[in-house]
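Asks: mind looking at a prediction? Sequence and model below.
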Amino acid sequence: RLLAEKIEALAVCLLHSYANPAHEEHIAEIVRKRAPHLTLSVSSHVLPEIREYERTSTTVINAYVMPIVKRYLGTLRSGLDGVGAKAPLMIMQSNGGLMTDEAAATRPVHIIESGPAAGVVGAQALARKIGLGKIVTFDMGGTTAKASLVEDGEVSRATEYQVGGGIMAGSRLLTGAGYLLRVPAIDLAEVGAGGGSLGWIDPGGGLQVGPQSAGAFPGPLCYDLGGAEPTVTDANVILGFVNPTQLAGGAVKLNAARAHEIFEAKIARRLGLPLAEAAYGAHVIAASNMMRAIRAVSSERGRDPREYALFAFGGNGPVFAAGMARQLEMRRIVVPPAPGLFSSFGLLFADVEHHYVRTWRRRARSVEPSALADVLARMEAEARTQLAAEGFTGAAVRIRRSADCRYEGQSFELTVPVAGGPVEPSTLAGLDEAFGREHERTYGHRAGPDEPVEIVSLRVVGQGIPDRPRVPDVLRVDRSGPGSAGGSRRVYFGPDLGWRETPIIDRGDLPVGGPDMAPHGIIGPCIVEEYDATCVVPPGARATLDGHGNIVIELAPEGAVI
């Protein structure tokens, strides 16, 4: 009957296959014999872990995207072979590591958030280089905005996240009615807000922005490619944040008049507002939507965003970063060179990674160290074998161990590290204490010392460290060439500040600041225009370059003067 429906892919998930995969394997064998053309996704291969809902959801999404990813990677591989490329083809995973194209073709559920993950890996590498211990990454493009956390040089990680909901986040506290994926990932929160997000009037007469998007085609009104609805980019053109003659260094000309005309007709008149105020309203609403992502990875994780610098990239990230940081009371924004291409930079600094998980339910205090050591040793051996087959041995291999733990009776776990080296009683005591600290940091409290901690699953990550380029002291990017930044234009900074004549400068025109930033810098307003992005420095903020070529924007506390 299924074959009569002409299906492309089949997902197989049985209730207890995480413990005994024999029946799933038998079903898979039958399917391969009767329908060898079908793409097959088997839960005991995709996610050998307890909880059938999460396992089924993950396996089904893996099956859903597998035919598309297989065709795409096959075409890519053929093209590379056709031009004589000899380098290995590696694919970024959602967890920030690399995998082979063959592995990605069979487990594509691991690459769904690969692009955003690459940006976080790049931010991690650059933050380490410049000595920033706490950053929130903010990556805004044309359709979505993403946020993540880097603390003490390490990215935040999640064991699950959602796709297809109002907000994608690796959090049980903040969900968006999407499809749950139980796969290791960088802890990202993603909302449907980007340059192409549509502005519209709801039935109550209120202005809304997104999550619908004009996409790359037809795109915003000002692209003049047939788009008929106002977008965030159109609002930014009206406000003067984006130069209609300098997109991609002047290679793309925007039709500002069309953006003005249709935004006026479809938004401003219906709201009874002047055009600039209506456009500013769309800009602020988009920013408010995106702040949900930043809160999801900071406040919702027990972290105070005021203690972090905002690391902004993506084609639109630096346009919104300062305004959002001010609302969140964050004092410092860092914009790296080539912000619109920054995720590509991150690909250069990713390791090869393989993740292994085993369901292993035990009370932590009753575990024999030798039993835990035996399970971890088998998982580590599996990781080392796989990495050795890919050419990584000795010092090029790193192993990380962790455990999913909870207080007995709880429904969900927190992942905490398991100390390296031999497993001893102190290892288990350290695990108990690490869980208590993480529980308090995440939820604001911890149980008493007599409350038993339960281990639910064990995790091992095997990393292969490839030869990679050194992060240069200064990332140098060619300027945009003829017709690059210069002069000034009128920019609208909201009803309180109004229109301001605003200098337009190039990144290289900013002075280099000292470690404490003062007394160097240009006091806003100003706009830094580059080939791939625009950075808005609002009135009263100070902008400078650090010693590594990054734009650093300092915001004064409310009521203070920089």
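Replies: Arrived safely. Quick caveat: nothing in here was measured; it's all calculated off a predicted structure.
Asks: please parse the protein into its domains.
Replies: Using automatic domain parsing, the domain parsing of the chain gives 3-87, 197-284, 352-464.
Asks: got the contact list for residue 410?
Replies: With contact set as Cβ atoms under 8 Å, 6 or more residues apart in numbering, residue 410 has no partners. The way it works is simple: take the backbone N, C-alpha and C, and place the C-beta from them, glycine included.
Asks: distance check, it against residue 79.
Replies: As judged by Cβ to Cβ, to the nearest Å, residue 410 and residue 79 stand 50 Å apart.
Asks: circling back: pick the most deeply packed of the domains of the chain.
Replies: When these are scored by mean count of other Cβ atoms under 10 Å, the highest mean neighbour count falls to domain 197-284 (a mean of 19).
Asks: can you pull out the low-pLDDT segments for the stretch 401-550 of the chain?
Replies: 469-485, 514-519 (pLDDT under 70).
Asks: 80 instead?
Replies: Along the stretch 401-550 of the chain, the model assigns pLDDT under 80 to residues 468-486, 513-520.
Asks: what does the stretch 1-150 of the chain give?
Replies: Checking the stretch 1-150 of the chain against pLDDT under 80 turns up 1.
Asks: for it, what spans make up the helices?
Replies: In the stretch 1-150 of the chain, the helices defined using DSSP state H, counting those that start in this stretch lie at 22-34, 43-46, 52-82, 101-106, 114-130.
Asks: what helix or strand is the nearest residue to residue 271 once chain neighbours are set aside on?
Replies: Spatial nearest neighbour of residue 271, chain neighbours left out: residue 278 (5.4 Å); criterion: Cβ to Cβ, 6 or more residues apart in numbering. Per DSSP states H and E, residue 278 falls inside helix 275-297.
Asks: what's the first helix or strand after that helix?
Replies: Using DSSP H and E, the next helix or strand after helix 275-297 towards the C-terminus is strand 309-313.
Asks: so what does that following strand touch, helix or strand wise?
Replies: Applying 3 or more Cβ pairs under 8 Å, 6 or more residues apart in numbering; DSSP states H and E, we find strand 309-313 packed against helix 114-130, strand 134-140, helix 317-328, strand 332-335.
Asks: can I get the ones you listed in TSV including mean neighbour count and distance to residue 63?
Replies: Shown next, in TSV, are the helices and strands packed on strand 309-313 (neighbours: other Cβ atoms under 10 Å; distance: least, Cβ to Cβ, whole Å):
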stretch	mean neighbour count	distance to residue 63
helix 114-130	24	18
strand 134-140	27	29
helix 317-328	24	34
strand 332-335	24	40
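Asks: so which of these comes closest to residue 388?
Replies: In terms of Cβ to Cβ, the element of these nearest to residue 388 is helix 114-130, at 23.8 Å.
Asks: one step back: nearest to residue 164, out of the domains of the chain?
Replies: Taking the domains of the chain one by one with Cβ to Cβ, domain 3-87 is closest: 9.1 Å.
Asks: endpoints of that closest one, how far apart?
Replies: Start and end residues of domain 3-87 are separated by 39 Å (Cα to Cα, to the nearest Å).
Asks: now that domain, how far from the centre of its chain.
Replies: On the basis of Cα atoms, centre = their mean, to the nearest Å, domain 3-87 sits 25 Å off its chain's mean C-alpha point.
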